[in-house]
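K.L.:
Could you work out the structure for the sequence below:
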Amino acid sequence: MNIGLDFTHDLGHSGIGTYSRSLIEAMIRIEPENQYNILTLRHKIPEVRQHFPHQNKIAYTAPFQNPGMIGGRLKKLIIKHHKQIWKKQSTKYDLVHYTHQDYFVHNIRNAAVTIHDIIKIYDKEYKVTDKNSTRYLHTAEMIKHARHIFVPSHFVHQELLHYFPLCKDKINITYEGVKNIYQKAVVNTDILRKFNIRQNEQFFIYVGRLETRKNLDNLIIAYSYLPENLKKDIKLVLICPSAKKATKHLQEKINILGLKNNIVHLTNVSDHDLVHFYNAAIALIFVSYSEGFGLPLIEAMNCGCPAIIANCSSLPEISAGSSILVNPADTESICDGMVQISENRQLRQTLSEKSLLRASNFSWNTTAYETLKGYKRIYS
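P.N.:
Predicted structure coming up:
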């Protein structure tokens, strides 16, 4: 097969970036005979190529201008021109795969798309959808035009069927995987020390973006409810890149609650360093209102790190009984989970063992294998 892959989106430390890179690497391992073509923005090829330093099976094309460099009406014209380029470029491939749903282009006969979640069609409380919103209408059109749809969990599958039942025969559930670096390991205390975490210092950890649905406000409030002796002994480490405005809001929240000496906010932690945080932490706290899959959870699980997770969206499905479930809207529920796991060493050990066993079911090779099966449904 001759496959075109959309890499015009951000390739940073986001979950979609990890998915896109890991998927391609695994597909090449499984079916190296295919031609894999990455399409990206002009002048971005060197940056994209850095993500695949030892890979010679990828061809790179950069036919798109970067709309982020220009504002106003001209930016809209460039985005519109991208769609015309895509329609022309797509004829060169057996299929094209949009790994980021926001970049999907309608009216392409051989297009597949990964829908990671439909969070953006919900209101701010993630309860009600506006069927007249631009996001909802875009999703409906995407589902109509896509030849095939990949989703990362049964939860997302059911959500799509609820709102867009006509997509039933197009969907493949392709669970995501976990990078090999995330595994149980001896903690390198020198690495933690460079982030001001002392040897044998206990901490909870959060990993992810700093945005409303991730529920950091309730997480921090719940931590503030801990008994004083636990707060004294156990820090909260937040590993989340964020813009200056969001960081300022977070710091204000921490200061108001008198937690300046209890909470550590880190914005730039590499995979190599993060694995030691997972291995050292008492638990991952991951209480998002909604997740399509939740890569930090599976990363932590594969390191044997117990987790306290929200009792909604995809997280209970991915965890499958290996984590403590809490109500993300109830700060006392989150706090109770923290107390429970802090005071019970045997519980932590049991959850660690269950997490390792459950995580062994997830791999990028399996994701790639199922994705290639989906491609063949389009190509055949």
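K.L.:
since we're on residue 280, how many residues are nearby?
P.N.:
Other residues within reach of residue 280, judged by other CB atoms under 10 Å, total 23. No exception for glycine: its C-beta is placed from N, CA and C like everyone else's.
K.L.:
Would you agree it is in contact with residue 192?
P.N.:
Yes - in this structure, residue 280 is within contact of residue 192 by CB atoms under 8 Å, at 6.2 Å.
K.L.:
could you pull out the strands for the stretch 151-300 of the chain?
P.N.:
In the stretch 151-300 of the chain, the strands defined using DSSP state E, counting those that start in this stretch lie at 171-173, 202-207, 234-239, 263-266, 283-286.
K.L.:
Any idea which helix or strand in this protein has the lowest mean pLDDT?
P.N.:
The weakest-scoring helix or strand in the chain, judged by mean pLDDT, DSSP states H and E, is helix 72-89 (a mean of 71).
K.L.:
where does this structure dip in pLDDT?
P.N.:
Applying pLDDT under 70 to the chain picks out residues 10-13, 66-80, 125, 380.
K.L.:
most centrally placed residue in it?
P.N.:
The residue lying closest to the centre of the chain (CA atoms, centre = their mean) is residue 15, at 2.8 Å.
K.L.:
Contacts only, for that one.
P.N.:
116, 293, 295 (CB atoms under 8 Å, 6 or more residues apart in numbering).
K.L.:
residues in contact with the last one?
P.N.:
Right, residue 295. By CB under 8 Å, 6+ apart, residue 295 lies in contact with 15, 18-19, 176, 178.
K.L.:
what about 6 Å?
P.N.:
Listed by CB atoms under 6 Å, 6 or more residues apart in numbering, the contact set of residue 295 reads residue 15.
K.L.:
go on, the one 10 residues further on?
P.N.:
Taking CB under 6 Å, 6+ apart, we find residue 305 in contact with 278, 281, 284.
K.L.:
and this structure, what are its domains?
P.N.:
Split into domains by automatic domain parsing, the chain comes to 2-177+363-379, 189-359.
K.L.:
Of all these, which one is nearest residue 183?
P.N.:
Nearest to residue 183, of all these, is domain 189-359, at 5.8 Å by CB to CB.
K.L.:
any idea how far residue 28 is from residue 46?
P.N.:
From residue 28 over to residue 46 the distance is 20 Å, taken as CB to CB, to the nearest Å.
K.L.:
Mind checking which of the contacts of residue 15 are in helices?
P.N.:
Judged by DSSP state H, these include residue 295 as members of helices.
K.L.:
Return the set of buried residues in stretch 307-320.
P.N.:
Under the neighbour-count criterion of 16 or more other CB atoms under 10 Å, stretch 307-320 has 307-310, 312-315, 317-319 buried.
K.L.:
With stretch 216-226 instead?
P.N.:
Within stretch 216-226, the residues scored as buried using 16+ other CB under 10 Å are 216, 218-226.
K.L.:
so which helix or strand takes in residue 61?
P.N.:
Assigned by DSSP states H and E, residue 61 falls within strand 58-64.
K.L.:
now do residue 139
P.N.:
For residue 139, the host element (DSSP H and E) is helix 134-145.
K.L.:
Any buried residues in that helix, and which?
P.N.:
136, 138-140, 142-143.
K.L.:
likewise stretch 174-190?
P.N.:
174-179, 182-183, 187.
K.L.:
sec struct for the residue nearest to residue 86 when sequence neighbours are not counted, please.
P.N.:
Leaving aside its chain neighbours, residue 86 sits nearest to residue 105 (4.4 Å; criterion: CB to CB, 6 or more residues apart in numbering). Classification of residue 105 by DSSP: H, G, I helix; E, B strand; the rest coil places it in coil.
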